[in-house]
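Asks: Quick check, what structure comes out for this input:
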Amino acid sequence: VAAQSGAALSIADVDASSAQQIVSDLKVEPSISFAALYDTEGTEVVRFPADTPQDQRPLSPQDLGAVFTEGGFLDVVQEVRQNDGAVIGRIYLRATTEELYFRIQRILGISVVVFVLALAFASLLSFALQRFISTPILQLARMTQRVSSEYDYSLRAEKRGNDELGVLCDGFNTMLAEIRRREDE
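Replies: Modelled structure (predicted):
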């Protein structure tokens with residue numbers, strides 16, 4: 001709005017209707033409750049809605065930026081510049097925060113859904129990793145305890161694949177075979 005207001009504000013002393021039209025176009029945005037365009041001296045040139053009582057209008061806004069007010073509004077002040085960058089005024093907007101809070105709630109809802117989906121995916125991944133990694137390692141650990149307690153070197157670890165666990169099982173089984181061969185000798 002500030003960018004569109006530059007040309008209208010520069011000729012506002014000749015014809016304020018174009019500036020009024022730009023500010024009045026804010027009626028399509030229901031969250032905007034008040035808008036005003038000020039010249040460089042801080043004099044109000046146009047306002048929206050045009051019939052806003054004086055006590056509901058801000059004084060000439062001095063500070064740039066955005067501020068949440070006590071009444072549940074967001075007040076925004078932005079400089080209006082010409083194409084060459086020269087400051088020719090300011091625009092003040094007052095918006096209700098209902099839409100902002102609605103968007104925040106929607107983003108929070110989406111975040112919760114994404115979090116739950118990520119948690120479900122992590123749980124499934126954890127289950128799969130436990131099944132394919134932890135279970136064979138635990139079986140190998142139980143086999144080593146059994147061999148150690150029973151001194152039965154004829155036992156063999158079950159090989160489930162040719163991955164690192166398969167190599168470990170092969171090494172364990174080779175070790176048991178070698179111990180048994182030496183014991184038989």
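
Asks: Please make it C-alpha for all contacts and neighbour counts, starting now.
Replies: Fine.

Asks: Tally up the residues packed near Ala141, please.
Replies: Using other C-alpha atoms under 10 Å, Ala141 has 13 other residues around it.

Asks: and it, what is it in contact with?
Replies: Residues near Ala141 by C-alpha atoms under 8 Å, 6 or more residues apart in numbering: none.

Asks: How confident is the prediction for it, by pLDDT?
Replies: With respect to pLDDT, Ala141 scores 90.

Asks: again, but for the one 4 residues further on
Replies: With respect to pLDDT, Gln145 scores 92.

Asks: That one belongs to a strand?
Replies: No - under DSSP: H, G, I helix; E, B strand; the rest coil, Gln145 sits outside any strand and is assigned helix.

Asks: So it versus Ala157, what's the distance?
Replies: Distance of Gln145 to Ala157, computed by C-alpha to C-alpha, to the nearest Å: 12 Å.

Asks: Now do the helices in the chain.
Replies: 2-10, 17-24, 98-129, 135-150, 164-184 (DSSP state H).

Asks: what's the closest of the ones you listed to Arg81?
Replies: Closest to Arg81 of the helices of the chain, according to C-alpha to C-alpha: helix 2-10, at 5.6 Å.

Asks: Can I get the helices of the chain in CSV including distance to Ala35?
Replies: CSV is the format used below for the helices of the chain (distance: least, C-alpha to C-alpha, whole Å):
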stretch, distance to Ala35
helix 2-10, 11
helix 17-24, 7
helix 98-129, 17
helix 135-150, 67
helix 164-184, 69
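
Asks: which one of Gln145 and Ala157 has more residues nearby?
Replies: Ranked by neighbour count (other C-alpha under 10 Å), Gln145 and Ala157 place Ala157 first, with 20 against 12.

Asks: So for the more buried one, what's the pLDDT?
Replies: 87.

Asks: Skipping adjacent residues, who's closest to Leu74 in space?
Replies: The shortest distance from Leu74 to any non-neighbouring residue, by C-alpha to C-alpha, 6 or more residues apart in numbering, is to Phe68 (4.5 Å).

Asks: Then Thr52?
Replies: Nearest one to Thr52, counting by C-alpha to C-alpha, 6+ apart, is Phe34 at 7.9 Å.

Asks: Give me the buried positions along stretch 76-93.
Replies: 76-82, 88-93 (16 or more other C-alpha atoms under 10 Å).

Asks: Since that was my last question, I'll sign off now.
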